[in-house]
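Quick one, what's the 3D model for this:
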Amino acid sequence: MDPGSWTVILEPSAFGELFVYLADHFSAQTFDEGAAFCSDGLDRSYFAENVNVSDDYAHPLNPGMPFDFEGHPTMQVPLVEHGIVRNVVTDSYYAHKLQRTNTGHALPAPNSYGPQARNLVIGAGPKSNERLVAETKRGLLVTRFWYIRTVDQKKAVVTGMTRDGTFLIEDGKVTRGVRNLRFNQSILECLRHCEFSSEQKRTGSYHYALVTPAVKIENFRFTSTTEF
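Residues are numbered from 1 along each chain as shown. Next comes the predicted model:
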């Protein structure tokens, strides 16, 4: 397929690989250092109104520890509510420094990462996976990404490639497989023009786990194709 701007439907495994690159932006350390997209201020709208994100250790699909590595109780933290970033996660150091509540998200010491959201949950939408596909005139269904790397930290621009099955959608139906493509895309822009399915799933890799539905994104930018 020709590179360019496409409508894409990312299955949970693909969107999880993408969204995890936004996780560090919800750390109080990244926020304090000015490297987070929301460092300019909380309680501001950064995404579409249908975007809701929380850190929830008690979610049944992705349960985690109810305390952190300082022994402090971990809170269930609403990070994004209807597109508005409400909170960042803290440990004892950053809670004191920023005069915020300790949310209990400390990592083992010593570390250079600061507190981190460990159990991210992206809110579901009203439509089934099948309906997202059926309402797509022409687009791509992406099952996985890999080799994702950060291009611009503050703007959350990343580059990477599709893998393990990329399919063409024509007139609301998945018609055939296509070659893999490389993308260069701001995750922030993705979450300003998106729809979520109603079916949440746990996905992850060796370094993360999160809960997310499939997501349909408009104007996802592919820069080149591959030979495989």
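
Quick check: buried residues in the lengthiest helix in the chain?
Among the segments of the chain that qualify as a helix by DSSP state H, the longest is helix 12-23. Burial within helix 12-23, assessed by neighbour count using 16 or more other CB atoms under 10 Å, is assigned to 12-23. The way it works is simple: take the backbone N, C-alpha and C, and place the C-beta from them, glycine included.

I'd like to know which of those is nearest to residue 1.
Closest approach between those and residue 1, by CB to CB: residue 14, at 16.2 Å.

could you measure that closest one against residue 88, distance?
Plainly put, residue 14 is 26 Å away from residue 88 if you go by CB to CB, to the nearest Å.

where's residue 97 relative to residue 38, distance?
17 Å.

repeat for residue 107
Residue 107 sits 20 Å away from residue 38, taking CB to CB as the criterion.

Neighbour count for the two, which is higher?
Between residue 107 and residue 38, residue 38 has the larger neighbour count (other CB atoms under 10 Å), namely 21 against 17.

In contact with that one: list those residues for me.
Residue 38 makes contact with 25-26, 31, 44, 46, 85, 88, according to CB atoms under 8 Å, 6 or more residues apart in numbering.

Please apply the same query to residue 166.
When the contact criterion is CB under 8 Å, 6+ apart, the partners of residue 166 are 140-143, 177-181.

Equivalent analysis for residue 10, please.
Listed by CB under 8 Å, 6+ apart, the contact set of residue 10 reads 18, 142, 214-217.

try 6 Å
Remark: with contacts taken as CB atoms under 6 Å, 6 or more residues apart in numbering, residue 10 is in contact with 142, 215.

bridging residues for it?
Beta-bridge pairing for residue 10 (DSSP bridges): residue 142, residue 215.

Strands of the chain, residue ranges please.
Read by DSSP state E, the chain holds these strands, from start to end of the chain: 4-10, 44-45, 53-55, 77-81, 84-85, 120-122, 138-152, 157-170, 173-177, 181-186, 194-196, 201-205, 208-212, 215-225.

Serialize those to JSON lines and add fields for mean pLDDT.
Listed next are the strands of the chain as JSON lines, based on pLDDT from 0 to 100:
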{"stretch": "strand 4-10", "mean pLDDT": "98"}
{"stretch": "strand 44-45", "mean pLDDT": "98"}
{"stretch": "strand 53-55", "mean pLDDT": "98"}
{"stretch": "strand 77-81", "mean pLDDT": "98"}
{"stretch": "strand 84-85", "mean pLDDT": "98"}
{"stretch": "strand 120-122", "mean pLDDT": "98"}
{"stretch": "strand 138-152", "mean pLDDT": "97"}
{"stretch": "strand 157-170", "mean pLDDT": "97"}
{"stretch": "strand 173-177", "mean pLDDT": "97"}
{"stretch": "strand 181-186", "mean pLDDT": "97"}
{"stretch": "strand 194-196", "mean pLDDT": "98"}
{"stretch": "strand 201-205", "mean pLDDT": "96"}
{"stretch": "strand 208-212", "mean pLDDT": "96"}
{"stretch": "strand 215-225", "mean pLDDT": "97"}
